[in-house]
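A.B. asks: quick one: sequence and predicted model below, then my questions.
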Amino acid sequence: VARPDRLDDVAPIPIKGGRVSPPEGVDLWCFFYGPHVPPGPMDELSRAYDALMTEDERVRHQRFYFERDQRLFLATRALVRCVLSHYASATPAAWRFERTEHGKPFVVAPGEAPTLHFNLTNTHGLVACAVSHRIERVGVDAENMTRTGETTAIADRFFSSSEVDALHGLPPSARRDRFFSYWTLKESYIKARGLGLAIPLGQFSFLLDDGDDIGIRFAPDLVDQPEPWRFRLFRASDIHMLAVGFADERGGQPPLRYARFVPLVGVEP
Ligand SMILES: CC(C)(COP(=O)(O)OP(=O)(O)OC[C@H]1O[C@@H](n2cnc3c(N)ncnc32)[C@H](O)[C@@H]1OP(=O)(O)O)[C@@H](O)C(=O)NCCC(=O)NCCS
């Protein structure tokens, strides 16, 4: 039975002299930013993160009403910039991004940097970035499970009928974990496709109860094939569920690597 795995069991991303060789599969970088980007006036590290942003990002940063959303935004910008610089000679401040019409950011400069595909997720306490070199369709989603809200009511409304049935078939104590498992997996898929909520959430289903691997099935209207897709589900912390999904046209089992990372500081034990 597929259960959330432990990130500590994933092979570490090898960092040598500040550089990382392009991944065969997908590299997952997690930043548990709480203690590093504390509330209150900016400390030295937060100011260093602030200095990495473009003017445009700084304007967006200032626009957040709640301080906790500002901290999350700052942590996200610092993470993606510092992570990408491990794969190229560009400095963290040099990266420039644009967004697709559906909002998915991608790298536009510096032009001499190798092709890097990435996807970001941010939730209170955790920011994550998935990076690949060869695999274009990569998506990551993390959710803070302390958020309140009627989980089964959301599932009934948005999940597929097989997911709803599986959820209701579980003892009530197991439903919350399963709800966030489906949620993060579904988000990782729509983020890998880059289409956001333009993909109806009820038109694809995750299979978590057959075999060790996480399966996906598509309704006929959703034009996609399950074969190239790989999904992993992690209990990233006591309160965070995280899913990563990627489609490798070459097939096989592209490896996942992991680092628990603090931008401008390094890997955390
Ligand atoms: C925007 C969306 C792609 C992800 O939203 P989310 O899960 O709330 O937020 P996440 O933190 O996981 O992801 C946000 C990041 O994804 C990236 N992103 C934005 N649009 C994207 C897209 N179309 N495809 C892939 N990635 C996208 C961005 O980097 C963004 O962060 P940034 O704006 O700080 O750069 C979209 O799926 C959405 O709006 N979801 C709403 C959540 C929901 O109702 N889910 C239903 C339960 S299953």
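C.D. replies: Done, it's in. Numbering: from 1, shown residues only.
A.B. asks: run through the residues that contact residue 196.
C.D. replies: With contact taken as CB atoms under 8 Å, 6 or more residues apart in numbering, residue 196 is in contact with 102, 103, 104, 190. C-beta here means a position set from N, CA and C on the backbone, and glycine is covered the same way.
A.B. asks: 7 Å - rerun?
C.D. replies: By CB atoms under 7 Å, 6 or more residues apart in numbering, the contact set of residue 196 is 102, 103, 190.
A.B. asks: and these, which are buried?
C.D. replies: residue 190 (16 or more other CB atoms under 10 Å).
A.B. asks: include distance to the ligand when you put the contacts of residue 196 into CSV, please.
C.D. replies: Shown next, in CSV, are those (distance: CB to the nearest ligand atom, whole Å):
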residue, distance to the ligand
102, 4
103, 3
190, 5
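A.B. asks: buried set for the worst-scoring helix or strand of the chain on mean pLDDT?
C.D. replies: Across the helices and strands of the chain, the lowest-confidence element by mean pLDDT, DSSP states H and E is helix 151-158, at a mean of 91. Neighbour counts over helix 151-158 (16+ other CB under 10 Å) mark 151, 155, 158 as buried.
A.B. asks: just to be sure, residue 139 is in a helix?
C.D. replies: No - read with DSSP: H, G, I helix; E, B strand; the rest coil, residue 139 is strand and lies in no helix.
A.B. asks: contact partners for it?
C.D. replies: Shown in contact with residue 139 (CB under 7 Å, 6+ apart): 119, 188, 189, 191, 192, 245.
A.B. asks: bridging residues for it?
C.D. replies: For residue 139, the beta-bridge partners are residue 245 (DSSP bridges).
A.B. asks: pLDDT at it, what is it?
C.D. replies: Residue 139 carries a pLDDT value of 98.
A.B. asks: how much space between it and the ligand?
C.D. replies: Distance, residue 139 to the ligand, using CB to the nearest ligand atom, to the nearest Å: 6 Å.
A.B. asks: check residue 91 too.
C.D. replies: 20 Å.
A.B. asks: which residue comes closest to that residue once chain neighbours are left out?
C.D. replies: residue 85 (6.1 Å; CB to CB, 6 or more residues apart in numbering).
A.B. asks: so who does the residue positioned nearest the centre of the chain touch?
C.D. replies: The residue lying closest to the centre of the chain (CA atoms, centre = their mean) is residue 140, at 2.7 Å. By CB under 7 Å, 6+ apart, the residues touching residue 140 are 28, 119, 121, 128, 130, 188, 191, 244.
A.B. asks: so what's it closest to, chain neighbours aside?
C.D. replies: residue 130 (4.1 Å).
A.B. asks: try residue 124
C.D. replies: residue 144 (4.9 Å).
A.B. asks: isn't that neighbour right up against residue 241?
C.D. replies: No - using CB atoms under 7 Å, residue 144 is not in contact with residue 241; the gap is 8.6 Å.
A.B. asks: between these two, which one's more packed in?
C.D. replies: For residue 144 versus residue 241, neighbours defined as other CB atoms under 10 Å are more numerous around residue 241 (26 against 16).
A.B. asks: any idea how far residue 214 is from residue 72?
C.D. replies: 27 Å (CB to CB, to the nearest Å).
A.B. asks: and if you look at residue 257?
C.D. replies: Residue 257 is 25 Å from residue 72, by CB to CB.
A.B. asks: which residues of the stretch 101-250 of the chain lie near the ligand?
C.D. replies: 102-105, 119-123, 141, 158, 183, 186-187, 190-191, 194, 196-197, 201 (CB under 6 Å from any ligand atom).
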